[in-house]
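Trainee: Got a predicted model here, sequence first, then my questions.
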Amino acid sequence: MNEDIPQLPNYDESSLDAAFATLAEEVRAETSAPVDVEAFRLRWLGRKQGRLKLISDAWLKNAPPEARKPLGMRFNDLKQRIEVALTDAAAAPARSAAKAGIDITLPSTVRAPGIEHPLLKTMHEIVAVFHHLGYSTALGPQVESDFYNFEALNFPPNHPARDTQDTLVLAGQQKRPSRDRLLMRTHTSPVQIRTMIAQAPPIRIVVPGKVHRNDAADATHSPVFHQVEGLCVDSNITFSDLKGTLDHAMKALFGSGVKTRFFPSFFPFTEPSADVQISCIFCGGEGCRKCKQSGWIELLGCGMVDPAVFASVDEQRVAQGKPAAYDPAKVTGFAFGMGVERIAMILHGVSEIGQFYSGDMRFLEQFA
């Protein structure tokens, strides 16, 4: 007999009651917590190796004739207990759901497929344009050091962009050296520096991401916004390459009829630098309220990478045991950057930048 089968010392009424009471307690204990219903059924009621079958065979084999009737009656009672326990165990999940107010017999809720947020959609569209030109995507941290965010990009210590009016600096940084102090990046340009330090030219990257500035929120400004920047470094890269690249990108985004023009500007990390305008997509350049009657909309900034930036990159490469690779006499490059919110506002006719961050489903459902 299986060692798991309890011994039955004799067949008097008290011994049978005690033995079957023990078995009933085992059934109750096993079903007092959630149980695998099928495993429980096989353990107790399996036709060949079920526990009840083995006990019945073992006890009835040695039972005297006068004990077989009371033994059989108790087996039938125990079997009924097991079947009731099985039914209760199978119904337990439904009862729990009913208590929670959920009817699991009803069809499930059909969830409508989600859509991209208009800012993400616009950012992906911009990035896709440059992917088709052979650019790859580069990403970086939103918490940056002063070195990557400012110093390596040729921002002097007294540059206005370092002022706390523009930059969100992390607390508790006073004891660190100036270049190691942490802040929320004010542009995605630090990723350009990280990429150049990590690899030698040629480089063609586009850098999408979120940036942070201590700006007061109004119709066109937000303390959190998104940028897409680009960097191209190789031999014989000229300003003409920059103009051709951005002219193609603007036509891909706004239509083949869009014109571009460049105005001299200043950025610490590019020289020469330019602001880029496109002909107004609302009036075709005739002049309207959207473009303030000028026929043009200012959209982004760009320029040729300043040799001082290449010098900072090579300094870091050498410090890391890498060969210098950005000699301005041998390589040149251009960089550009555009605000995703501004482009999304133009493409979709949105007048308030805050609507992108309001979470108002009535606004967002327009882009479904």
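Mentor: Alright, I've got the coordinates.

Trainee: Within the helices and strands, which one has Lys53?
Mentor: helix 51-62 (DSSP states H and E).

Trainee: Can you give me every residue that contacts Gln293?
Mentor: Applying C-beta atoms under 8 Å, 6 or more residues apart in numbering to Gln293 gives the contacts Gly287. Bear in mind the C-beta positions are built from the backbone N, C-alpha and C, glycine included.

Trainee: ok, now how distant is it from Phe282?
Mentor: 12 Å (C-beta to C-beta, to the nearest Å).

Trainee: Same question for Met184.
Mentor: Met184 is 34 Å from Phe282, where distance means C-beta to C-beta.

Trainee: And the helices in the stretch 101-250 of the chain?
Mentor: Secondary structure of the stretch 101-250 of the chain (DSSP state H, counting those that start in this stretch): helices at 118-131, 146-149, 189-198, 239-254.

Trainee: Can you tell me which of these is nearest to Phe269?
Mentor: helix 189-198 (6.6 Å; C-beta to C-beta).

Trainee: Show me which residues of the closest one are buried.
Mentor: Ser189, Pro190, Val191, Gln192, Ile193, Arg194, Thr195, Met196, Ile197 (16 or more other C-beta atoms under 10 Å).

Trainee: so the closest residue to Ile55 other than its chain neighbours is in which element?
Mentor: Spatial nearest neighbour of Ile55, chain neighbours left out: Ile5 (5.6 Å); criterion: C-beta to C-beta, 6 or more residues apart in numbering. Here Ile5 is covered by no helix or strand, with elements defined by DSSP H and E.

Trainee: Mind putting the buried residues of helix 189-198 into JSON lines with distance to Phe40?
Mentor: Shown next, in JSON lines, are the buried residues of helix 189-198 (distance: C-beta to C-beta, whole Å):
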{"residue": "Ser189", "distance to Phe40": "65"}
{"residue": "Pro190", "distance to Phe40": "61"}
{"residue": "Val191", "distance to Phe40": "59"}
{"residue": "Gln192", "distance to Phe40": "64"}
{"residue": "Ile193", "distance to Phe40": "65"}
{"residue": "Arg194", "distance to Phe40": "60"}
{"residue": "Thr195", "distance to Phe40": "61"}
{"residue": "Met196", "distance to Phe40": "66"}
{"residue": "Ile197", "distance to Phe40": "64"}
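
Trainee: Quick check, central residue of the protein?
Mentor: Per C-alpha atoms, centre = their mean, the C-alpha nearest to the average position across the chain is that of Leu120, at 11.9 Å.
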